[in-house]
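Enquirer: Just to be clear, the model below is a prediction. Sequence and coordinates:
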Amino acid sequence: MTDEKQQNLQGQYQDITSQHWSYSSERYAGGDNLLTAIARGWSIDRKVVLQRHWFAGMRCIEVYHFTIRRDDVVADMAVMGNPYVKRYLANHPHDLVEIEDAAVA
């Protein structure tokens, strides 16, 4: 895929996906869920926590914890790390705090 086509798809990401996520029933969210929450009026706290989960000391999964707020509801949206989330954080003013999780065998 050419760079131009890839950039066009990334620019349309919000337009082609609208995914509901519930803090009460889903442990992890995707980047599309984060975009949907923003589009639906949720605000995101400036502080974002990055938690790394290590498996057998060789494979790492990143989970970004966003505190989202709307009206009187506050929730932790744990978003699985992916290139879109990293790009979102690079383009929006957030304070990223990194913590290391215990290794998982």
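Expert: Sure, I can see it.
Enquirer: can you give me the strands in the chain?
Expert: 43-55, 59-70, 73-80, 95-100 (DSSP state E).
Enquirer: Reformat the ones you listed as TSV; add mean pLDDT and mean neighbour count.
Expert: From N, CA and C alone the C-beta is placed, and that goes for glycine too. Shown next, in TSV, are those (pLDDT from 0 to 100; neighbours: other Cβ atoms under 10 Å):
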stretch	mean pLDDT	mean neighbour count
strand 43-55	91	14
strand 59-70	92	16
strand 73-80	92	15
strand 95-100	87	10
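Enquirer: of all those strands, which lies closest to residue 32?
Expert: strand 73-80 (9.7 Å; Cβ to Cβ).
Enquirer: Quick one: list the elements packing against that closest one.
Expert: helix 31-39, strand 59-70 (3 or more Cβ pairs under 8 Å, 6 or more residues apart in numbering; DSSP states H and E).
Enquirer: would a markdown table of the strands of the chain with distance to residue 87 be doable?
Expert: Converted to a markdown table, the strands of the chain look like this (distance: least, Cβ to Cβ, whole Å):
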| stretch | distance to residue 87 |
| --- | --- |
| strand 43-55 | 14 |
| strand 59-70 | 12 |
| strand 73-80 | 13 |
| strand 95-100 | 13 |
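Enquirer: And the ones you listed: which comes nearest residue 29?
Expert: Using Cβ to Cβ, the nearest of these to residue 29 is strand 73-80, at 4.9 Å.
Enquirer: ok, and what's touching that closest one?
Expert: Strand 73-80 has contacts (Cβ atoms under 8 Å, 6 or more residues apart in numbering) with 21, 23, 27-31, 33-34, 37, 61-69, 85.
Enquirer: between that strand and helix 31-39, how many degrees?
Expert: 150 degrees (axes from the mean of the first three to the mean of the last three Cα atoms, to 10 degrees).
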